[in-house]
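>>> would you be able to build a 3D model of this:
(2 chains)
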Amino acid sequence: QKEVEQNSGPLSVPEGAIASLNCTYSDRVSQSFFWYRQYSGKSPELIMSIYSNGDKEDGRFTAQLNKASQYVSLLIRDSQPSDSATYLCADYNAGNMLTFGGGTRLMVKP
Amino acid sequence: SQTIHQWPATLVQPVGSPLSLECTVEGTSNPNLYWYRQAAGRGLQLLFYSVGIGQISSEVPQNLSASRPQDRQFILSSKKLLLSDSGFYLCAWSVSDNNQPQHFGDGTRLSIL
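Alright, predicted model coming up:
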């Protein structure tokens, strides 16, 4: 069973700080990785895609991928209370199915 | 641009009643379509996916079924609901190319009484 692991949290950070969300995956052949944000009671929303080793930046969000360590992370700079949500990591495994982690709950305190 | 519609937004059904949830996608052709369930405080569980009309793959054996009567329409059904069917049901689509992200509808919150 190919897995994607995330710390369930909650991860609590003060407003304006950098929030660091981490994810590990077990399938060495995974090629594509995604971060979704899910507000309470709402559906997941895609916020970042990353396909290559290194960093990918989009506004306040930076996704980092390290295929050798099977590790992907999401950094949120200048965290805002509106960033408080559950963040889901997902990857496409060898069976071409998207596998989701259990999510990390982020709380940004004013 | 592509949009995905899912209805109803909320549904309260008695145990043993039938179910029909519908999902449609606009602005794309031949999408891959997916049904997920999310129990309260839990992760996403893939129920069914479809790569084309009439093609349904089931990931979890249960009393639910899915159908894809048209290219951009995906239906989740049950003949008799169980208490354990309560949850947040999400439809998603992706382009048919490999390794592309999935995009979710707004979801249906189903409560079984």
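>>> please count neighbours and contacts with C-alpha atoms only from this point.
Will do.
>>> please, which helix or strand holds residue B:97?
For residue B:97, there is no enclosing helix or strand under DSSP states H and E.
>>> give me every residue that touches residue B:16.
Residue B:16 makes contacts with B:79-82, as judged by Cα atoms under 8 Å, 6 or more residues apart in numbering or on different chains.
>>> buried among the residues you listed? Make that a ChimeraX selection.
A single ChimeraX command selects the buried members of the contacts of residue B:16 (16 or more other Cα atoms under 10 Å in any protein chain shown):
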select /B:81,82
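>>> how about the residues of chain B by chain A?
Proximity of chain B to chain A is confined to B:42-44, B:90, B:98-107 under the rule Cα under 8 Å from any Cα of the partner chain.
>>> in a markdown table: those, plus pLDDT.
Supplementary listing: those in a markdown table, determined by pLDDT from 0 to 100:
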| residue | pLDDT |
| --- | --- |
| B:42 | 82 |
| B:43 | 86 |
| B:44 | 92 |
| B:90 | 98 |
| B:98 | 75 |
| B:99 | 84 |
| B:100 | 88 |
| B:101 | 93 |
| B:102 | 95 |
| B:103 | 96 |
| B:104 | 97 |
| B:105 | 97 |
| B:106 | 97 |
| B:107 | 97 |
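>>> JSON lines for these, including neighbour count?
JSON lines is the format used below for the residues of chain B next to chain A (neighbours: other Cα atoms under 10 Å in any protein chain shown):
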{"residue": "B:42", "neighbour count": "11"}
{"residue": "B:43", "neighbour count": "15"}
{"residue": "B:44", "neighbour count": "21"}
{"residue": "B:90", "neighbour count": "27"}
{"residue": "B:98", "neighbour count": "12"}
{"residue": "B:99", "neighbour count": "20"}
{"residue": "B:100", "neighbour count": "18"}
{"residue": "B:101", "neighbour count": "23"}
{"residue": "B:102", "neighbour count": "19"}
{"residue": "B:103", "neighbour count": "22"}
{"residue": "B:104", "neighbour count": "23"}
{"residue": "B:105", "neighbour count": "22"}
{"residue": "B:106", "neighbour count": "22"}
{"residue": "B:107", "neighbour count": "27"}
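>>> now for the residues you listed: which two are most distant?
The largest separation in the residues of chain B next to chain A, counting by Cα to Cα, is between B:42 and B:98 at 26.7 Å.
>>> end-to-end on stretch A:49-56?
End-to-end distance of stretch A:49-56 (Cα to Cα, to the nearest Å): 8 Å.
>>> equivalent analysis for stretch A:62-73, please.
OK, stretch A:62-73 end separation, Cα to Cα: 8 Å.
>>> is that stretch up against chain B anywhere?
No. On the criterion Cα under 8 Å from any Cα, stretch A:62-73 is out of touch with chain B, staying 15.0 Å away.
>>> check which residues of that stretch are buried.
By 16+ other Cα under 10 Å, the buried positions in stretch A:62-73 come out as A:62-65, A:67, A:70-73.
>>> likewise for stretch A:74-81?
For stretch A:74-81, by 16+ other Cα under 10 Å, it's A:74-77, A:79-80.
>>> what sits up against that stretch?
Against stretch A:74-81 from outside (Cα under 8 Å, 6+ apart): A:13-22, A:35, A:60-64, A:107-110.
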